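A.B. asks: Got a predicted structure plus its sequence, pasted below:
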Amino acid sequence: MDYASHSPHVEAVRDEILTALADLTPRASRVPFHSTVTGGLFDTAGLNAGYWYRNLRETVRFADTVAALPGVLIEVSPHPVLGLALHTLRRDQGDLDAALARAWTAGVPVDWAPRYAPHQPVRVELPTYPFQRRRHWLETPAAAPTGGPAQYRIAWHPTSTPDAALRGTWLLVTPTDAPHPDLAPTLTRHGATIRHLAVAAGDDFAGPLREAVAAGPLAGVLSVLGYDERPHPAHPDVPTGLAATLALAQTLGDTGIDAPLWLATRSAVSTGPGDPLDAPAQSLIWGLGRVIGLEHGDRWGGLVDLPDEIDAPAGARLAAVLTGRDAEDQVAIRPHGVLLRRLVPAPPDPAPRTPWQPSGTVLVTGGTGALGG
């Protein structure tokens, strides 16, 4: 098409649409028809050429239409496009049993007898104890006394770190010409064999990484590239360390290296009032690292924020963290111990908040799918 649907550009083909569909003779249907043009129940006898022009020209009122539907919305199609929660199939996968099970677990009553009658199913007794549910997502918080929602916040919880030895060969990735801690002696002292890779801005990692792997498998990768806070030569608004870390993560995947990647920073997070965040540029590494962890959890180690001085106790704590024994991937090492990042309920804000009132022209960018909605 050489025009944009649901915009004034459709008006250029109005006459063509009305002419092409002029011979339609719609009739009332026995099945209730809900229109995304009107946002509610619609008599299909009105599905004439004018309706279909409006369907192409006007706003798609999908949300209004769904909100007016009774019961549960299930999208019957070979691939979910509109109803992401309950659908029947996914492209190249899925079957009727999966669709029925998805509806059942969402609370839709399902008559299983016709589906399983050919298999002659036999009923069995359930366990004598009730099912015990443990939710793995955040519960909806109760409203604050002022009527606003209760805000979550980040907290840092201390933990014990018994001495633990590293094993195998670790690749230590450092920036060239930028201050960073020399962690090789610390890692070696705690059992690791070190291969070193120094990186400059704009370097191609592929060759050096392949050479590092050719010498034998890696037990882990530790990067201190985030320490390089200098502006990137080609992109001055981006720290060199951030760009290099992104390139490192991409190239590790491209070269098939699945050893866990750990990203080290210094003063990139604040664990409390007495712990200032002195390196906000390195905080970007924490944002990038959490994305890497979500998208490539199979080869993710974690984030570790180091103190200014890596003394013997700090080195022992770092080695214990890198073993991954406790499956913690967001850690701060401080002179008094190791702290774990946690999301905890925040106390209600006693001051009422004034809702944001936009004025003038507001630009909404991006699609209007799951995230845009």
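C.D. replies: All right, it came through fine.

A.B. asks: Need the contact partners of stretch 184-203.
C.D. replies: The contact list for stretch 184-203 (CB atoms under 8 Å, 6 or more residues apart in numbering) reads 164-177, 205, 208-209, 212, 215, 218-219, 222, 225, 228, 230, 232-234, 240, 243-244, 247-248, 310, 315-316, 318-319, 322. For glycine as for every other residue, the C-beta is placed from the backbone atoms N, C-alpha and C.

A.B. asks: what's the lowest-mean-pLDDT helix or strand in the chain packed up against?
C.D. replies: The weakest-scoring helix or strand in the chain, judged by mean pLDDT, DSSP states H and E, is helix 206-214 (a mean of 80). Applying 3 or more CB pairs under 8 Å, 6 or more residues apart in numbering; DSSP states H and E, we find helix 206-214 packed against strand 193-199, helix 240-254.

A.B. asks: okay, that helix in PDB with CA atoms only?
C.D. replies: Output of helix 206-214 as PDB, limited to C-alpha atoms (Å, rounded to 0.1, in the frame of the first residue of the first chain):
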ATOM      1  CA  ALA A 206      36.500 -11.600  17.500                       C
ATOM      2  CA  GLY A 207      40.100 -12.600  16.700                       C
ATOM      3  CA  PRO A 208      41.500 -12.200  20.300                       C
ATOM      4  CA  LEU A 209      38.500 -14.000  21.800                       C
ATOM      5  CA  ARG A 210      38.900 -17.000  19.400                       C
ATOM      6  CA  GLU A 211      42.500 -17.200  20.300                       C
ATOM      7  CA  ALA A 212      41.600 -17.200  24.000                       C
ATOM      8  CA  VAL A 213      39.200 -20.100  23.500                       C
ATOM      9  CA  ALA A 214      41.600 -22.000  21.200                       C
END
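
A.B. asks: please renumber so the chain begins at 199
C.D. replies: Sure, I'll start counting at 199 from here, so that last one is helix 404-412.

A.B. asks: starting at the chain centroid, how far to it?
C.D. replies: 30 Å (CA atoms, centre = their mean, to the nearest Å).

A.B. asks: for stretch 412-429, same thing?
C.D. replies: 24 Å.

A.B. asks: buried stuff in it?
C.D. replies: Buried residues in stretch 412-429, counted by 16 or more other CB atoms under 10 Å: 416-427.

A.B. asks: now swap in stretch 536-545 and tell me
C.D. replies: Within stretch 536-545, judged by 16+ other CB under 10 Å, the buried ones are 536-539.

A.B. asks: Among the buried residues of stretch 412-429, give me the pair with the biggest separation.
C.D. replies: Farthest-apart pair in these is Ala417 and Glu427; separation 28.7 Å (CB to CB).

A.B. asks: where exactly do the strands run in the stretch 449-571 of the chain?
C.D. replies: Taking DSSP state E, counting those that start in this stretch as the criterion, the stretch 449-571 of the chain contains strands spanning 459-464, 498-504, 528-532, 535-543.

A.B. asks: Okay, angle between the least confident helix or strand of the chain and helix 438-452 too, please.
C.D. replies: 60 degrees (axes from the mean of the first three to the mean of the last three CA atoms, to 10 degrees).

A.B. asks: what ranges of the stretch 449-571 of the chain fall below the confidence cut-off?
C.D. replies: 547, 549-550, 564-571 (pLDDT under 70).

A.B. asks: same thing but 90
C.D. replies: Counting by pLDDT under 90, the stretch 449-571 of the chain contains low-confidence ranges at 449, 452-456, 472, 522-525, 542-571.

A.B. asks: residue boundaries of the helices in this structure?
C.D. replies: 212-218, 247-255, 260-266, 294-303, 311-314, 382-387, 404-412, 438-452, 478-493, 510-520 (DSSP state H).

A.B. asks: Please dump those helices into CSV; it should also carry distance to Trp554 for every row.
C.D. replies: Output for those, formatted as CSV (distance: least, CB to CB, whole Å):
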stretch, distance to Trp554
helix 212-218, 38
helix 247-255, 32
helix 260-266, 21
helix 294-303, 37
helix 311-314, 50
helix 382-387, 48
helix 404-412, 46
helix 438-452, 30
helix 478-493, 24
helix 510-520, 40
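
A.B. asks: To Pro556, which of the ones you listed lies closest?
C.D. replies: helix 260-266 (19.8 Å).

A.B. asks: I'd like the mean pLDDT over the closest one, please.
C.D. replies: Mean per-residue pLDDT for helix 260-266: 88.

A.B. asks: cool, and stretch 312-322?
C.D. replies: On average, stretch 312-322 scores 87.

A.B. asks: what's the span of it from first residue to last?
C.D. replies: 18 Å (CA to CA, to the nearest Å).

A.B. asks: do the same with stretch 522-534
C.D. replies: End-to-end distance of stretch 522-534 (CA to CA): 20 Å.

A.B. asks: do stretch 311-323 as well
C.D. replies: End to end - CA to CA - stretch 311-323 spans 17 Å.

A.B. asks: ok so, going back, ok, which of the helices and strands packed on helix 404-412 comes nearest Ala462?
C.D. replies: helix 438-452 (10.4 Å).

A.B. asks: which of the residues in the closest one are buried?
C.D. replies: Quick answer for helix 438-452 (16+ other CB under 10 Å): 438-447, 449-451.

A.B. asks: any residues touching that helix, and which ones?
C.D. replies: Outside helix 438-452, the residues touching it (CB under 8 Å, 6+ apart) are 371, 373, 376, 397, 399, 401, 403-404, 407, 419, 421, 423-431, 433, 457, 459, 461, 479-480, 482-483, 486-487, 490, 494, 497.

A.B. asks: closest to Gly305 out of the helices and strands packed on helix 404-412?
C.D. replies: Nearest of the helices and strands packed on helix 404-412 (CB to CB): helix 438-452, 39.5 Å.

A.B. asks: roughly how far is that closest one from the heart of the chain?
C.D. replies: Between the centre of helix 438-452 and the centre of its host chain there is 19 Å, according to CA atoms, centre = their mean.
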